[in-house]
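Undergrad: Structure here, sequence nowhere to be found:
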């Protein structure tokens, strides 16, 4: 169900820009309106995050006085720091594991001939059409039976392999000159030496793109942690937001908005910092 | 008896769907048909042919075996043909491969394969097994329900369940055939082409009428899912294309505009839900406040108004998807050669004609790709948004298929019924994938992008 045949590199810089002749202010105006509409939910959340409930109900349109208190509630009382740490650990483990396993699979697909290769290829390809969500109850049962409820293993291991990643590296390696592996073999290098000394240095762009996509994917994961983690100390950040919907004083708009914005900072930073490989690799994002 | 006829039917269907030109093809078709039937029947624990099974269950067992034989046969054929078309397969033996022990590639692939087997293939299989059981979360006792978990989702009349989908598929197929046979340019060609998209709508309606209608029946869940996901897909794609058109031109600071418009994509579905929960909140939200203070009326409460609840979920999802669609449409627009647009302009095409004749065809593949990814989003990732916005309220009006699976399977602890609903969703995904395969084989060309 994913983008198996759409692995094309898109980028914002492809092609010539369409030059607009004559007046540009209508375009600027249109862009400003679009930006205001799209950024409005975030700006509004930022405003609310500073306001106490009384200020919100007074329909005050200027920043309020509650920001410091909200931060204290969210960060210290509700331990957003620990939630974010758990998410960071989960995202790092999955990203690293997926990258390594995909590199190994790509190496096997491109630099080895073996009986039944097409069958294995097929076997991996089919998984692109099997969204985890439709089998999540059975997966939940299997992982629970392994005793992995409330563990980092339960959060990470089921997602450690990726057909998307394997095909991504397979395609990238297949486009590299064949002399590289011939030369390494003459030098007597093992496949792993070849991988680490030659292939990885030539693949940093692809690795970076995959890593960014995986990081955002894991950071935003919601349904699986809801099921597999019930211990609040081990919960991840997206699910942890649930606990902020109501605080001791009833509905807690301000702290909830503050937390929602803070949770969105890491993926936003990753996106902005690594915009270029992100966008180039975006065609491959699929969902796994 | 039932088992034997299932396998005979499966073998025949396997050969018919895979091919019978060579002996090898026949053998493979036979194997695929029997494999497909064995997989589904074993996954169901052969319950449809148990001594206490009803005769309708036996018939459905044979039907399922045939359907899976067809899926395995024609699916394999489609994938193999695609592989050939992409120049893979046999042409892949190339120089520079390592000649070491046979175990080397298997060792490299082992971790990936182990994880895929244990955490994708096994759960897929177990989903089918679970769907025939009466089993509760955390309770060791298991009862047999066989296909009852499914039949209670459907209307009680087997004739309707079989006839309606088949009739609508036949209609779609007939229209397609009519279109392909008709002379291009003739009225019949134009008319059949125009009504073709309605075939899908009729199919969706046919499925609507096979689901149980009583209070709490699955028909409402199906309705919610279709309405919400099609609204999300249509609005987010049209808006994304419009935005891409707006950001396509080159003006000062365009990269800043683009980045700001695209990055909300990185925000999670739960956070999108939270932001719209705030804006649409009936007591503290900005819309309620503006309606009350400036216009003097009460903004409806989405927790009580089903239509508003659905609209809110659609808006939150569109908002989150917009950046993604913008990114891809923009990339697609930039692959349209500037000269072609200029040439069309010189030929006197107005901007709408230029859009229709030059730009739309070039965007076809990307639009199709986005259709699939947006559908995936609105089927699955929407869970987080709904959980923070409405939790399926009011009265189940916003409970879509994935939300209902978790509500039944986890919140109510009824794993068997939840798994049966998962199988229904699984079938929808398989149908979509088949459709995707068919589309990418036929009309749509991928250019050289």
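TA: Received it, and whenever you're ready, just let me know what you need. Computed from a predicted structure; not experimentally measured.

Undergrad: what separates residue B:221 from residue A:60, distance-wise?
TA: Counting by CB to CB, to the nearest Å, the gap from residue B:221 to residue A:60 is 41 Å. The C-beta positions use only the backbone N, C-alpha and C, and glycine is treated the same way.

Undergrad: Need the pLDDT of residue 264.
TA: Just so you know, I chose chain A. pLDDT, residue A:264: 94.

Undergrad: right idea, wrong chain: chain B
TA: For residue B:264, pLDDT reads 86.

Undergrad: Can you tell me the SS state at the nearest residue to it once chain neighbours are set aside?
TA: In space, and not counting its chain neighbours, residue B:264 is closest to residue B:323: 4.9 Å by CB to CB, 6 or more residues apart in numbering or on different chains. What DSSP: H, G, I helix; E, B strand; the rest coil gives for residue B:323 is helix.

Undergrad: and residue B:323, how many neighbours does it have?
TA: When neighbours are defined as other CB atoms under 10 Å in any protein chain shown, residue B:323 has 23 of them.

Undergrad: That one contacts residue B:261, correct?
TA: Yes. Applying CB atoms under 8 Å, one finds residue B:323 in contact with residue B:261, separated by 6.3 Å.

Undergrad: residues contacting the residue nearest to residue B:264?
TA: Residue B:323 is in contact with A:38, B:261-265, counting by CB atoms under 8 Å, 6 or more residues apart in numbering or on different chains.

Undergrad: and if you look at residue B:370?
TA: By CB under 8 Å, 6+ apart, the contact list for residue B:370 reads B:237, B:240, B:324-325, B:328-329.

Undergrad: Tell me the confidence at it?
TA: For residue B:370, the pLDDT comes out at 90.

Undergrad: Same question for residue A:248.
TA: 60.

Undergrad: Would you mind checking the contacts of residue B:323 for buried ones?
TA: Buried members of the contacts of residue B:323, scored by 16 or more other CB atoms under 10 Å in any protein chain shown, are A:38, B:261-265.

Undergrad: and which of the residues you listed is nearest residue B:112?
TA: Using CB to CB, residue B:265 comes nearest to residue B:112 of the buried ones among the contacts of residue B:323, at 28.0 Å.

Undergrad: Give me the below-cutoff pLDDT ranges for the chain.
TA: As the question left the chain open, I've gone with chain A. A:1-22, A:247-251, A:276-288 (pLDDT under 70).

Undergrad: my bad, the chain I had in mind was chain B
TA: Across chain B, the ranges flagged by pLDDT under 70 are B:83-95, B:440-449.

Undergrad: Surely residue B:399 touches residue B:221?
TA: Yes. Under the criterion of CB under 8 Å, residue B:399 makes contact with residue B:221 at 6.1 Å.

Undergrad: part of a strand, is residue B:336?
TA: No. Using three-state DSSP, the assignment for residue B:336 is coil, not a strand.

Undergrad: That one and residue B:358: what is the separation?
TA: 7 Å.

Undergrad: now swap in residue A:85 and tell me
TA: 52 Å.

Undergrad: Ok, residue A:98 next?
TA: Distance from residue A:98 to residue B:358, by CB to CB: 40 Å.

Undergrad: For residue B:113, give me its contacts.
TA: Counting by CB under 8 Å, 6+ apart, residue B:113 touches A:120, A:123-124.

Undergrad: out of the residues you listed, which touch chain B?
TA: Among the contacts of residue B:113, the ones lying near chain B by CB under 8 Å from any CB of the partner chain are A:120, A:123-124.

Undergrad: I'd like a version of those in a markdown table, one that adds secondary structure, neighbour count and distance to residue B:141 as further columns.
TA: What follows is the ones next to chain B among the contacts of residue B:113, written out as a markdown table (DSSP: H, G, I helix; E, B strand; the rest coil; neighbours: other CB atoms under 10 Å in any protein chain shown; distance: CB to CB, whole Å):
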| residue | secondary structure | neighbour count | distance to residue B:141 |
| --- | --- | --- | --- |
| A:120 | helix | 19 | 39 |
| A:123 | helix | 17 | 35 |
| A:124 | helix | 23 | 37 |
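
Undergrad: Reformat the residues you listed as JSON lines; add distance to residue B:165.
TA: Listed next are those as JSON lines, based on distance: CB to CB, whole Å:
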{"residue": "A:120", "distance to residue B:165": "35"}
{"residue": "A:123", "distance to residue B:165": "30"}
{"residue": "A:124", "distance to residue B:165": "32"}
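
Undergrad: Just the closest of these to residue B:43, please.
TA: residue A:123 (17.5 Å).

Undergrad: Identify the residue nearest residue 158 in space, chain neighbours excluded?
TA: Here I'm looking at chain A. Spatial nearest neighbour of residue A:158, excluding adjacent residues (CB to CB, 6+ apart): residue B:119 at 3.9 Å.

Undergrad: That was the other one, I meant chain B.
TA: In space, residue B:158 is closest to residue B:56, 6.0 Å off (CB to CB, 6+ apart).

Undergrad: which secondary structure element contains the one you found?
TA: In this assignment (DSSP states H and E), residue B:56 forms part of helix B:55-85.

Undergrad: Can you name the element that comes right after that helix?
TA: As assigned by DSSP H and E, the chain's next helix or strand after helix B:55-85 is helix B:103-116.

Undergrad: Check which residues of that next one are buried.
TA: Neighbour-count burial for helix B:103-116 [16+ other CB under 10 Å]: B:104-105, B:108-109, B:111-113, B:115-116.

Undergrad: C-terminal to it, what's the next element?
TA: Downstream of helix B:103-116 (by DSSP H and E), the next one is helix B:122-130.

Undergrad: Compute the inter-axis angle for that following helix and helix B:55-85.
TA: Relative orientation of helix B:122-130 and helix B:55-85, computed by axes from the mean of the first three to the mean of the last three CA atoms, to 10 degrees: 160 degrees.

Undergrad: Which strands or helices does helix B:122-130 pack on?
TA: helix A:136-145, helix B:23-43, helix B:415-441 (3 or more CB pairs under 8 Å, 6 or more residues apart in numbering or on different chains; DSSP states H and E).

Undergrad: how far does it sit from the chain's center?
TA: 19 Å (CA atoms, centre = their mean, to the nearest Å).

Undergrad: Give me the contact list for that helix.
TA: With contact meaning CB under 8 Å, 6+ apart, helix B:122-130 is reached by A:130, A:132, A:134-139, A:141-142, B:39-40, B:43-45, B:415-416, B:418-419, B:422-423, B:426.

Undergrad: Please check those and keep the buried ones.
TA: By 16+ other CB under 10 Å, the contacts of helix B:122-130 give A:130, A:132, A:134-139, A:141-142, B:39-40, B:43-44, B:415-416, B:418-419, B:422-423, B:426 as buried.

Undergrad: Residue A:98 and residue B:358: who's more crowded?
TA: Set side by side, residue A:98 and residue B:358 show more neighbours around residue A:98, with 27 against 18, by other CB under 10 Å.

Undergrad: Give me the neighbour count for the residue nearest to that one when sequence neighbours are not counted.
TA: Spatially, and ignoring its direct neighbours in sequence, residue A:98 is nearest to residue A:162 (4.7 Å; CB to CB, 6+ apart). Residue A:162: 27 surrounding residues under other CB under 10 Å.

Undergrad: what sits against residue A:162?
TA: Contacts for residue A:162 were tallied using CB under 8 Å, 6+ apart; they are A:98, A:101-102, A:214, A:288.
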